[in-house]
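Student: From the sequence below, what's the structure:
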Amino acid sequence: MKILLTNDDGIEAEGLACLERIARTLSDDVWTVAPQTEQSAKGRGITLTEPLRVASLGEKRFAVSGTPTDCVILAVNDLMPDKPDLVLSGVNRGHNIGEDVSYSGTVAGALQGMAFGIRSIALSQSLERFHDEVIARWETAEAFAPAIVSRLLDQKWQPNVIMNLNFPNRPPEAVSEVEVTTQGFRDIGEMHAVRRTDLRGRDYYWMSFRGKKQEHAEGTDLRAIDEGRISVTPLHVDLTHMPSVNDLKKVLGGAPPRRVERA
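Tutor: All right, here's what the predicted structure looks like:
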């Protein structure tokens, strides 16, 4: 099995080293194509207005001056001799749950693999808080990911689906359950901008999370991680809201309406 690894924390990230160890329990044919620098929260961004540079860092290991989506595109189309059988993206430093998945570079790497028809999995390790000095419990992801990934690969997947794995901020011995979850949603206002002033007296803004404690619905990825369970969520990119489609067909179906002239 040929495995492609990517992430959004950058080629030197500890989580990528963790992912490489996980991947090598599954296959000897592991390729790594990851961003040269951190690309967190870049979503499915593709670099269109500047050239991409690729640096070879050793056999089957490359750094790209772009996003996780760029990395997967270059890997599949140019850097690898054959299309991989599996794309693993992560292990992200911090969970990707709830609405995080819509702007996560980690999830985006997996989604691009899916777009190529490759089974793809995003992996993230939850943190106590998002401070630089906080060390993630990589041993938790490393302890459970190989068996979970193997079991997922033994199953038949629906088309156009990725698997989003999140590991709780607990040591391995304190994790006793895996839960198949749905995507949850936080209360509005979780993200906000902090205004500050630079040394020349000009205002600037720094995006941040409020991090307030919230109660989350049963069965969601948010609730599972809060309560110390491993979360496995199947995701896809169809954003169509079908109830609205059915309602709108009643008023906008058929010939297009014409503007009514005012008297």
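
Student: Would you mind measuring from the nearest residue to residue 47 once chain neighbours are set aside to residue 116?
Tutor: Distances taken as C-beta to C-beta, 6 or more residues apart in numbering put residue 66 closest to residue 47, at 4.4 Å, once the chain neighbours are dropped. Glycine gets a C-beta too; all of them are placed from N, C-alpha and C. For residue 66, the distance to residue 116 equals 17 Å [C-beta to C-beta, to the nearest Å].

Student: And the two? Which one has more around it.
Tutor: Under the criterion of other C-beta atoms under 10 Å, the comparison of residue 66 against residue 116 puts residue 66 first, with 23 against 16.

Student: That one touches residue 33, doesn't it?
Tutor: No - Residue 66 is beyond contact range of residue 33, at 10.2 Å (criterion: C-beta atoms under 8 Å).

Student: Spit out the residues that contact those two alike.
Tutor: residue 74 (C-beta atoms under 8 Å, 6 or more residues apart in numbering).

Student: Please pull up the helix or strand immediately following the host helix or strand of residue 20.
Tutor: Using DSSP states H and E, residue 20 maps to helix 14-24. Later in the chain than helix 14-24, the nearest helix or strand by DSSP H and E is strand 29-35.

Student: list the helices and strands that following strand packs on?
Tutor: Contacts defined by 3 or more C-beta pairs under 8 Å, 6 or more residues apart in numbering; DSSP states H and E place strand 29-35 against strand 2-6, helix 14-24, strand 61-64, helix 68-74.

Student: got TSV for the ones you listed, with distance to residue 202, mean neighbour count and mean pLDDT too?
Tutor: Listed next are the helices and strands packed on strand 29-35 as TSV, based on distance: least, C-beta to C-beta, whole Å; neighbours: other C-beta atoms under 10 Å; pLDDT from 0 to 100:
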stretch	distance to residue 202	mean neighbour count	mean pLDDT
strand 2-6	37	26	98
helix 14-24	35	20	98
strand 61-64	33	21	98
helix 68-74	32	26	98
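
Student: Residue 94: which of the ones you listed is closest?
Tutor: Nearest of those to residue 94, taken as C-beta to C-beta: helix 14-24 at 9.2 Å.

Student: so what does that closest one touch, helix or strand wise?
Tutor: strand 2-6, strand 29-35, strand 86-93, strand 119-125, helix 138-153.
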